[in-house]
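In: Please work out how this folds:
(2 chains)
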Amino acid sequence: MNRPIRRSTITRRTALKRGLLGVAGLTLAKSWRVWAAPAIKPTVAAPAGKAKAVIQIWMWGGPSHLDTFDPKPDAGSDYCGPLNKPIATNIDGIQVGELLPLLAKQADKYSIIRSMTHGVNAHETASYIVQTGRQPGRLVFPCVGAVVSMFKGYDHGYKGLVPPYIVLTEPQGRFSEAGFLGQRYKPFATGGDPNRQPFAVEGIVAEGISDERQRSRRELLHSLDTLGKAMPTNEQFSRLDRCEANAYDLVFGDARKLFELDSEKDDVREQYGRNTFGQSCLIARRLVEAGVPYVTINYKGWDTHKQHFETMRRKLPEMDKGMAALLQDLAGRSLLDRTIVWWGGEFGRTPRVQWDSPWNGGRGHYGKCFSAVLAGGGFKGGRVVGASDATGENVAERPVWPRDLIASLYERLGIDPEGPMPNARGLDIKVMPAAEAGEESGGLLAELV
Amino acid sequence: MRIGLSGAVVLLVVGNGLSAAEPRVVRPFEGAVGFKSANRIDTPVAAALRERDIAPANRCSDEVFVRRVYLDVIGTLPEPQAVQAFLQDDDRRKREKLIDELLVRDEFADYWAMKWCDLLRVKAEFPINLWPNAVQAYHRWIRDAVRDNMPYDQFARELLTSSGSNFRVPPVNFYRAVQGRAPATMAEAVALTFMGTRLQSWPEVDRNHMAVFFSRVAFKATTEWKEEIICLDPAPGEALDVTLPDGTAVRLLPEQDPRAAFADWLLTPENPWFTRNIANRVWSWFFGRGIVHEPDDIRPDNPPSNPELLERLEKELVRANYDPRRFFRLILNSATYQQSSIPQSDHREAEALFAYYPVRRLDAEVLIDALCWAFGGGESYTSVIPEPFTFIPESQRTIALADGSISSQFLEMFGRPARDTGLESERNNQPTDAQRLHMLNSSHVQKRIQQSARLRRVITTYRRNQPALISGIYLTILSRYPTDTELVAAQDYFGTGGLTLDQAVADLAWVLVNSKEFLYRH
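Out: Below you'll find the predicted structure:
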């Protein structure tokens, strides 16, 4: 069922009237430009919205909605398996899975969408749809992070120490994140492990190489640059030299401090959980605090075809701890109002447990109905949007397509979904426009605003 | 082991009278030999340069040539022994001999299959969705075609007109490797791949005519997972009126496959599109730009920079019966190709008219292979999705990967093409800050250097002979000996207090892989 909701969109004209558009956006950061490719000339001014940043917790593989934010204790063991005792949250009437006790205490801060749908069960295609809001077609569209890093990054006055779109720690790599926007808007993936000392951010923090040795190697590099010296005016080589200078600014500059967790108190680090995910959440908080507009925590391991419940018992407490600490910490530092936290994967998992061999109690891919969570950045907390049916297999109320969630997110960030998406290829494309005839949409998430 | 410059034969030839001034000679990259036409394609190049008073570059040195031709022909660095043997060989025809040897190496098939797989969009998953079995079959067919030197016209005909199962008749995957099943989409892919032109830039009426040729391609699933039969639509149709891109109208009987009619028109020596496209493309692969540039954007308002050269190449290709190796050989043996990268002229048209060999960053796949080769160890590539899971053995070279969906952070970062569109411009060899960070300071590169078995061998062999040690590292990484100046600078560095020999060697290796000479074809 499909009940389109009239969307409230800020047109460019009304935005101008309200004085939302500034003249920012024409300066390029001197410190570090991710890509040496020429900037796309901004044709829209820097957006102004309540939310300034997004932390996306990307549940790579597709997390089970029944075992997390949409429990179905009455559906029987063929659906719940052993996880049949959901727990109450600090909001009356909202329950979450029994392995999320800490998040249960933070339910006032987030809202659960229980009626996400797109119907695709293949990882790559589903990832593409969930992260771009688009159906696959001839053009490869940019994902949300690339779009945000275009509207809030270097083209619009971002002068942060690190690139505006960071992925912790491994790149998602299921499709070209920046799509037709090009290299410039791709994320910087840190690599390394924030739970280790030091957090060896690829390219920025080198283990076992002192600054002094780093400098003397650089000198040797320059003194042995025989081909470069033979062709001093070569444009390709000049470009490489500029990239090198930028790279060394990062290596020797203050950027590394952002990734040094020993400046955090021990109990804070404990609260987030001493594991890669927990410490990634802590790094994410530090990054948005420093003004980075988009951080993705690429959280792997949710493609649980086999040993599903064992994995849930191992991983959900880790997720619970890290994410609950993140919400609490953001709120405590008054950052939650301007930071959207978006939790979700490419799809959910089959509500009916696959008991037969070879799965032996696993859950498969499920794109027809799944959950997502939104918090902060002006989205209301303590709500549930939509509903699934008694077994979590179908959307029962108020379907939400990825495009609806993404357009709502853009609105919070002050990016007009109906506005033009500037691009070097001269394509006439809107950011995330309302569905046209034949396209499916449940409308913007007006109920959370 | 010889130290210093190899004994490049110095011939005092004034290059074709092209330049009156004494050319600047930069060692060790070139000798004092000017541009001296070596075969038929040099004549139009030299003529165009002379006309604009552009001095061509000197002939590249043997050291530069051996590295360049390995990278260009087989996407692989030469073994130090091969470099030494080549430099010591005093056969006047040694470059020609080396070219012939490389053209029959296994890596030749790997490397050029990779190139064609980029253009033919060979990938299992989104947004092409060939799926793994078909990717393997298609890649193998393409690689075999390259290895067996299938003439370009036959290659194109098989891709354009084959019918059958995508597992058993691999070239039918051509029509599956597009985003969608609309005749217009297939027409776009055909025009781009075999005519080097973007259908979107054609007038609408011509676009529509072109699409008709692919309106009877039928796709039929079988009971086998992801198997598909591609054939002429068996449903009885009516006679079909088609108009060829040159405006000729043809009526096709219902049982005639319009794809065959199109191929019959396209694949003749007289056809203005096919030969031009392939000649221009091959040229661009060796010179980083087409005579028509972009090489897949041939249209009336995008003229060739040197029309006589393009015409000559077309004639040579026809004369060679579209034999790929023969055509490669002609280009590789030309004086144009064997120029140094160091321009003798700053004329703004110098590059477009091929007055030197332009530097270009190594392809992502070639670069990672070179790092693996120089320091040992492979890259592990996997695809866990879709089933069946794919794990590629570490010993497999990256240039031999079949599936464009199987990737790595390194390949993405260094601009490997996504294989979504088949456009040549998908490959992005421009440097970025992120790449530079990775090469300069990542644990990935650092670890490779520290754990390199090859460097360890050099250290063990030349522990007591520092100049030979340094030369060994140079020969391994840059395929040449150090110059005297470089040797002195490196020895100074080795004498720095507080550095162990291992550290000094690691630092020198780090410096050399970060040098422009390593990162760029030159």
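In: any weak-confidence spans in the chain?
Out: No chain was given, so I picked chain A. A:1-49, A:138, A:173-176 (pLDDT under 70).
In: switch to chain B, that's the one I care about
Out: In chain B, residues with pLDDT under 70: B:1-23, B:384-389.
In: How about it: which residue is closest to chain A?
Out: B:L437 (3.1 Å; C-beta to the nearest C-beta). Where C-beta positions appear, they are placed from N, C-alpha and C, glycine not excepted.
In: How about the secondary structure of that residue?
Out: helix (DSSP: H, G, I helix; E, B strand; the rest coil).
In: ok, the nearest residue to it once chain neighbours are set aside - how many residues close by?
Out: Closest residue in space to B:L437, ignoring its immediate chain neighbours: A:G203 at 3.1 Å, by C-beta to C-beta, 6 or more residues apart in numbering or on different chains. By the criterion of other C-beta atoms under 10 Å in any protein chain shown, A:G203 has 28 neighbours.
In: so is A:G203 in a helix, a strand, or just coil?
Out: A:G203 - assigned by three-state DSSP - is coil.
In: For the stretch 151-300 of chain A, which segments count as helices?
Out: A:211-223, A:226-230, A:235-252, A:255-258, A:266-272, A:276-289 (DSSP state H, counting those that start in this stretch).
In: For the fourth one, buried residues please.
Out: By neighbour count, and taking 16 or more other C-beta atoms under 10 Å in any protein chain shown as the criterion, the buried residues in helix A:255-258 are A:255-256, A:258.
In: Could you count how many residues lie near the residue nearest to B:G415 when sequence neighbours are not counted?
Out: Excluding the flanking residues, the one nearest B:G415 by C-beta to C-beta, 6+ apart is B:N428, at 3.2 Å. Residues within reach of B:N428, counting by other C-beta under 10 Å, total 18.
In: Am I right that B:N428 falls within a helix?
Out: No. Counting by three-state DSSP, B:N428 is not part of a helix but coil.
In: Run through the residues that contact it.
Out: A:183, B:415, B:417 (C-beta atoms under 8 Å, 6 or more residues apart in numbering or on different chains).
In: Could you export the helices of the stretch 151-300 of chain A as CSV, including distance to A:A75?
Out: Putting the helices of the stretch 151-300 of chain A into CSV (distance: least, C-beta to C-beta, whole Å) gives the following:
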stretch, distance to A:A75
helix A:211-223, 59
helix A:226-230, 67
helix A:235-252, 51
helix A:255-258, 45
helix A:266-272, 33
helix A:276-289, 29
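In: Same list, the buried residues of helix A:255-258, but as TSV with distance to chain B please.
Out: As requested, the buried residues of helix A:255-258 are exported to TSV (distance: C-beta to the nearest C-beta, whole Å):
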residue	distance to chain B
A:A255	11
A:R256	11
A:L258	15
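In: Can you find which helix in chain A contains the most residues?
Out: helix A:308-332 (DSSP state H).
In: Now do it: distance to the chain's middle.
Out: Relative to its chain's centre, helix A:308-332 lies at 16 Å (C-alpha atoms, centre = their mean, to the nearest Å).
In: Most tightly packed of the helices of the stretch 151-300 of chain A?
Out: helix A:276-289 (a mean of 24; mean count of other C-beta atoms under 10 Å in any protein chain shown).
In: my read: B:A509 touches B:G472, true?
Out: No. In this structure B:A509 lies outside contact range of B:G472 using C-beta atoms under 8 Å: 10.7 Å.
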